[in-house]
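K.L.:
pasting the structure only:
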């Protein structure tokens, strides 16, 4: 077995789930002196309500551990990542890639986990992202199931699995159908059905071993099943057997993962839940016969049931539905399993297995289990891993193709980035999208008779340049004044360039025909908030109630929020400049025939949104 290697395992189940090949293989590697990081399931499908307990458990594991990482035992570490549970969403994948890889790379660096073997049971985009962003010496995919059949959109799984298989240095497949499918994309594919930890079963005394308390005094023949109670279990078949044999006890061991309403209230069916792997031999030893009651569907057509070897390790007879992998197993193992194609046939063969007390085939079953032990499986896998590493070290296979593929990938990525940049640029500058985004800032009302006209100076204006903006505001105010909407004007600004801005605004208004006696100046305000505060004081001092407010169009949104906060008793009609030069939207003013906006205008609009956010933070609005 390989030794002194670093192994990153991307698992399709959690560490504390039913003990399967995932844990068995990585536990064996860890015990042999390899350091293993076991990354718990990041999702094959989008979660449903029934997954809430699992998601809650993941959150608890993350909180109790060091940012999701924990040491399970010597050389074996478990990572429970918090990810968005939508494995085929591009946005979720992008976010997961950033958050997961960031934590993962930090941990690998701290632990000195250099040049690892990357072993994945998952074919999802997240698994591909992990494998593609960690520098490893070898990439292995163990294809244990047809994941296409577990999700609604099989095309997305196919795309990421095909990409993964092509990248792999070595592929292990659970059965013949999966092996042939993988071989179309990668020549280095080897069949490895799940094995059995034969040592755990051999250590149990079949004659004098202690019986679990739950099975003490159990009546009649016992028919057993070990495994998850998931949607691929034929619960109708189990109900049928329960009805036919009320004198039997049907024992089912494993976590509930599907609707079990058809069987959960039957007196002769015992649902014992998940059990520790080391306790399974004691339970199976009490069974008179064992079942593999799977529905035949596209998914189970590729499944090799792990429990088969566990049953045989205890010498027990097994009855199974007609799974292709079970039929293939029978061909190589003297038809040790009774295979049934129909419900009545299954019942008949199960009854025969229960009635047979001779135990004549028990030794053959145990021998079969030994031939399928995990010890032998993992040794053979290790030999393939070692030879692949040696071959890769001497002469990296397909280096030319890999090298050119790297350039091709980079080119495709650059084209995508460039296309995205051009699209974004076009949307921003050649469509009205920014004007639509700015629309909430714009408040423009029809002028009515008021007590006075209030004008806020431009300062450096939206353009960021001194001396711009005030002329249009003064001109708008003068138009309102001459139209007799109000008889007084107030100019407010604390900005000074060569002269204080209110003085310049006053001089311009006088030159346009406004009498000096009708103009009030305020030159202390340094920002919009102070403009409103000083406006409130002046208006209250003169006993006025209603004002016309003049400023730039997209400044009105922020101004209105401040008025609402500190001067709600003043009646304000918002009358911004109508045809401002800065906010002109005609092509001729933008330097391009087709452009709809320029960078200065975008900056001005953005400035207002940032200003609103800042005012909210300061409590001004």
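P.N.:
Received, thanks. What you are looking at is a predicted structure, and each value in this text was computed from that prediction instead of being measured.
K.L.:
which residue packs closest to the most centrally placed residue in the chain, ignoring adjacent ones?
P.N.:
Centroid-nearest residue in the chain, with CA atoms, centre = their mean: residue 84, separated by 2.7 Å. Closest residue in space to residue 84, ignoring its immediate chain neighbours: residue 92 at 3.9 Å, by CB to CB, 6 or more residues apart in numbering. For every residue, glycine as well, the C-beta is placed using N, CA and C.
K.L.:
Name the SS class of the one you found, please.
P.N.:
helix (DSSP: H, G, I helix; E, B strand; the rest coil).
K.L.:
rewinding a little: the residue nearest to the centre of the chain touches residue 97, doesn't it?
P.N.:
No: Residue 84 sits out of contact with residue 97 when judged by CB atoms under 8 Å, with a separation of 10.5 Å.
K.L.:
Please tell me the pLDDT value assigned to the residue nearest to residue 84.
P.N.:
On pLDDT, residue 92 comes in at 78.
K.L.:
Just to check, it is in contact with residue 86?
P.N.:
Yes: judged on CB under 8 Å, residue 92 makes contact with residue 86 at a distance of 4.0 Å.
K.L.:
thinking again about what came up before, please identify the helix or strand for the residue nearest to the centre of the chain.
P.N.:
Using DSSP states H and E, residue 84 maps to neither a helix nor a strand.
K.L.:
before we move on, back to that, what's the spacing between the residue nearest to residue 84 and residue 202?
P.N.:
46 Å (CB to CB, to the nearest Å).
K.L.:
Strands of the stretch 401-550 of the chain, start to end?
P.N.:
452-456, 489-492, 519-522, 546-550 (DSSP state E, counting those that start in this stretch).
K.L.:
Show me what the second one is in contact with.
P.N.:
Right, strand 489-492. With CB atoms under 8 Å, 6 or more residues apart in numbering as the test, strand 489-492 has contacts from 452-457, 474, 477, 481, 501-502, 505-506, 509, 514, 518-523, 525, 531, 534-535, 538.
K.L.:
Name the strands paired with that strand and say parallel or antiparallel.
P.N.:
Next to strand 489-492 in the sheet, as set by DSSP bridges, lie strand 452-456 (parallel), strand 519-522 (parallel).
K.L.:
Need the ones you listed in a markdown table (columns: distance to residue 577).
P.N.:
Listed next are those as a markdown table, based on distance: least, CB to CB, whole Å:
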| stretch | distance to residue 577 |
| --- | --- |
| strand 452-456 | 10 |
| strand 519-522 | 19 |
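K.L.:
Return the most buried member of those strands.
P.N.:
strand 452-456 (a mean of 27; mean count of other CB atoms under 10 Å).
K.L.:
Please report phi then psi for residue 78.
P.N.:
Backbone dihedrals for residue 78, given as degrees, to the nearest 10, come out at phi -120, psi 130.
K.L.:
give me the number of residues near it?
P.N.:
23 (other CB atoms under 10 Å).
K.L.:
Confirm for me that it is in contact with residue 36.
P.N.:
No: with contact defined as CB under 8 Å, residue 78 does not reach residue 36; the gap is 9.1 Å.
K.L.:
buried stuff in stretch 119-133?
P.N.:
119-132 (16 or more other CB atoms under 10 Å).
K.L.:
Which of the residues you listed fall within strands?
P.N.:
Of the buried residues of stretch 119-133, the ones assigned to strands by DSSP state E are 119-120.
K.L.:
Closest to residue 353 out of the buried residues of stretch 119-133?
P.N.:
residue 121 (32.7 Å; CB to CB).
K.L.:
Please tell me I have it right and that closest one contacts residue 20.
P.N.:
No: counting by CB under 8 Å, residue 121 does not reach residue 20; the two are 9.6 Å apart.
K.L.:
what residues do the two have in common as contacts?
P.N.:
With CB under 8 Å, 6+ apart as the test, residue 121 and residue 20 both reach residue 13.
K.L.:
Where in this protein is the helix or strand with the lowest mean pLDDT?
P.N.:
None of the helices or strands of the chain scores lower by mean pLDDT, DSSP states H and E than helix 52-64, at a mean of 69.
K.L.:
is it fair to say residue 243 lies in a helix?
P.N.:
Yes: assignment of residue 243 by three-state DSSP places it within a helix.
K.L.:
List the contacts of the closest residue to residue 612 other than its chain neighbours.
P.N.:
In this structure, residue 612 finds its nearest non-sequential neighbour in residue 558, 5.3 Å apart by CB to CB, 6+ apart. Contact analysis of residue 558 by CB under 8 Å, 6+ apart lists 441, 528, 608, 611-612, 615, 621.
K.L.:
For residue 259, give its distance to residue 268.
P.N.:
20 Å.
K.L.:
Compare these two and say which one has the larger neighbour count.
P.N.:
Neighbour count, other CB under 10 Å: between residue 259 and residue 268, residue 268 has more, with 18 against 11.
K.L.:
Can you get me a residue count around residue 155?
P.N.:
So residue 155, with other CB under 10 Å, has 9 neighbours.
K.L.:
Name the helix or strand for it, please.
P.N.:
Per DSSP H and E, residue 155 falls inside helix 154-167.
K.L.:
tell me which strands and helices the very next helix or strand once past that helix is in contact with?
P.N.:
Counting by DSSP H and E, the next helix or strand C-terminal to helix 154-167 is strand 170-173. With contacts taken as 3 or more CB pairs under 8 Å, 6 or more residues apart in numbering; DSSP states H and E, strand 170-173 sits against strand 138-143, helix 176-183, strand 189-191, helix 374-394.
K.L.:
Distance to residue 433, mean pLDDT and mean neighbour count added to these, as a markdown table?
P.N.:
Formatted as a markdown table, the helices and strands packed on strand 170-173 follow (distance: least, CB to CB, whole Å; pLDDT from 0 to 100; neighbours: other CB atoms under 10 Å):
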| stretch | distance to residue 433 | mean pLDDT | mean neighbour count |
| --- | --- | --- | --- |
| strand 138-143 | 43 | 95 | 23 |
| helix 176-183 | 46 | 92 | 18 |
| strand 189-191 | 50 | 95 | 17 |
| helix 374-394 | 51 | 90 | 16 |
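K.L.:
Now do the same contact list for residue 480.
P.N.:
447, 453, 486, 548, 550, 575.
K.L.:
where do the helices sit along the stretch 151-300 of the chain?
P.N.:
Secondary structure of the stretch 151-300 of the chain (DSSP state H, counting those that start in this stretch): helices at 154-167, 176-183, 198-202, 235-244, 280-286.
K.L.:
if we look at the first one, which residues are touching it?
P.N.:
Residues external to helix 154-167 that are found in contact with it (CB under 8 Å, 6+ apart): 44, 88, 120, 123-125, 127-128, 131-132, 139, 141, 143, 147-148, 150-151, 171, 182, 185-186.
K.L.:
Also the third one?
P.N.:
Taking CB under 8 Å, 6+ apart as the criterion, the residues outside helix 198-202 that touch it are 277-278, 280-281, 310, 313-314, 369-370, 373-375.
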